[in-house]
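with the sequence up front, the predicted model follows.
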2 protein chains.
Amino acid sequence: MMSLSQTTGHAVRALTCLAGHASPPVSVKDLAECSGVPRPYLAKIVKKLNNTGIIESKRGAGGGVWLARPAKLISLLDISVALEGDAFLGNCLFGLDSCGNEYECPAHKFWIKNREQIKRELERVKLSDVLETQKNHPAALHSNG
Amino acid sequence: MMSLSQTTGHAVRALTCLAGHASPPVSVKDLAECSGVPRPYLAKIVKKLNNTGIIESKRGAGGGVWLARPAKLISLLDISVALEGDAFLGNCLFGLDSCGNEYECPAHKFWIKNREQIKRELERVKLSDVLETQKNHPAALHSNG
DNA sequence: TTAATAGAAGACATTAATATCTACAATCTA
DNA sequence: TAGATTGTAGATATTAATGTCTTCTATTAA
């Protein structure tokens, strides 16, 4: 099924919890409970978000993680790129390697344009927007298959 | 990476070979050579295309497969649906199960619209178009990773 | 009717994404 | 400094997509 990876979905949910938390730092354990993401897996996700400067962390008692900048300045694009890399929207809709250089598949021009649309939308939507949406629907972001 | 499945890409390549063939039926073996898709795997793909009425087949010596209707009447959408099912474009960009009913994620409206755009494009592009493109670039559709 | 051809079917193998487990290192509080 | 807390790191496990192998059945041609 064509969508962003499940891992990215996890990250969005966890970051939303983090953004909504009154008093950071928050432990990964608490984030896992809040977001429904498996704890050990979330630890890895958190690591990536840390490496890419979206969150910061502190070890030890009273430690935890927090947003490196306000939720209004973190876009869904930032999160997607952090987890899946820069080319998270494939070069060709059909995954053809040869597509785009000397050759273009019949859907190429469309996909290039469409891909940019998707990117712009992901750039437009900020973590703060997700948080707002969630506040109106408290149980919203939890279940995921 | 977000794109249609590799399997769908395989199917498009193989069907393009089939559409370009002078005298059907064509054996799966020949299709595999022409398209670069692993033979045994192509056999499975061919089976699905058969089940969904995109191709027909005949066993035995002199048998093989052929398009069930002209290439102009087979869209990339038909092929995608045949292989990945009707919901091959996910319900939510982030794969959230809860998204779309009582709850909508912040990118939901955008994705619904965008998804339709993608579908329309896949509907617009026919197998005959792919064949034309390939004729101008003979080596185009072969390699794939 | 026999031998060759070719698709059908299902068991098995590989790979990448996802998820878990265990041990470790840093930091705080007392 | 002792002990509890919490992130870090890497090995291991599971799952779904992808790919392979073997055997069977249908069809044709001689």
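That came in fine, so what should we check first?

does A:E56 count as helix, strand or coil?
Put simply, A:E56 is strand when judged by DSSP: H, G, I helix; E, B strand; the rest coil.

against B:V65, how distant is it?
58 Å (C-beta to C-beta, to the nearest Å). C-beta: built from backbone N, CA, C; applies to glycine.

name the residue in those two with the higher neighbour count.
For A:E56 versus B:V65, the count of surrounding residues by other C-beta atoms under 10 Å in any protein chain shown is larger for B:V65: 25 against 15.

where's the more buried one, which helix or strand?
strand B:64-67 (DSSP states H and E).

anything in the helix or strand following that strand near DNA strand C?
Note on strand B:64-67: by DSSP H and E, the next helix or strand toward the C-terminus is helix B:76-84. No: remark: helix B:76-84 sits outside contact range of DNA strand C, by C-beta under 7 Å from any atom of the strand, the gap being at least 13.8 Å.

who touches helix B:76-84?
By C-beta atoms under 8 Å, 6 or more residues apart in numbering or on different chains, the surrounding residues in contact with helix B:76-84 are A:1, A:106-107, B:4-5, B:7-8, B:11-12, B:15, B:45, B:48-49, B:51-52, B:54, B:88, B:119, B:122-123, B:125-127, B:130.

buried ones among those residues?
Buried residues within these, counting neighbours by 16 or more other C-beta atoms under 10 Å in any protein chain shown: A:106-107, B:4-5, B:7-8, B:11-12, B:15, B:45, B:48-49, B:54, B:88, B:119, B:122, B:125-127, B:130.

how about A:A11, secondary structure?
helix.

buried set for the helix or strand of chain A with the lowest mean pLDDT?
Lowest by mean pLDDT, DSSP states H and E among the helices and strands of chain A is helix A:127-136, with a mean of 86. For helix A:127-136, the neighbour count (16+ other C-beta under 10 Å) marks A:L127, A:S128, A:D129, A:V130, A:L131, A:T133, A:Q134 as buried.

pull that helix out as PDB, backbone CA atoms only.
Extracted as PDB, the C-alpha positions of helix A:127-136 are listed here (Å, rounded to 0.1, in the frame of the first residue of the first chain):
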ATOM      1  CA  LEU A 127       3.500  19.600  14.400                       C
ATOM      2  CA  SER A 128       1.400  22.300  16.100                       C
ATOM      3  CA  ASP A 129      -1.400  21.700  13.600                       C
ATOM      4  CA  VAL A 130      -1.400  18.000  14.300                       C
ATOM      5  CA  LEU A 131      -1.500  18.800  18.000                       C
ATOM      6  CA  GLU A 132      -4.500  21.100  17.500                       C
ATOM      7  CA  THR A 133      -6.300  18.400  15.500                       C
ATOM      8  CA  GLN A 134      -5.600  15.900  18.200                       C
ATOM      9  CA  LYS A 135      -6.900  18.200  21.000                       C
ATOM     10  CA  ASN A 136     -10.300  18.200  19.300                       C
END
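
against which helices or strands is that helix packed?
helix A:6-20, helix A:76-84 (3 or more C-beta pairs under 8 Å, 6 or more residues apart in numbering or on different chains; DSSP states H and E).

could you measure from A:R13 over to DNA strand C?
11 Å (C-beta to the nearest atom of the strand, to the nearest Å).

verify the contact between that residue and A:G36 for me.
Yes: at 6.9 Å, A:R13 and A:G36 qualify as touching, with contact defined as C-beta atoms under 8 Å.

neighbour count winner among these two?
Shown here are A:R13 and A:G36; by other C-beta under 10 Å, A:R13 has more neighbours (25 against 15).

nearest residue to that one other than its sequence neighbours?
A:S35 (4.2 Å; C-beta to C-beta, 6 or more residues apart in numbering or on different chains).

how far away is the one you found from B:K72?
Distance from A:S35 to B:K72, by C-beta to C-beta: 49 Å.

more neighbours: which of the two?
A:S35 (24 against 12).

make CSV out of the helices and strands packed on helix A:127-136 and add mean pLDDT.
Putting the helices and strands packed on helix A:127-136 into CSV (pLDDT from 0 to 100) gives the following:
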stretch, mean pLDDT
helix A:6-20, 95
helix A:76-84, 97
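
that'll do, ta.
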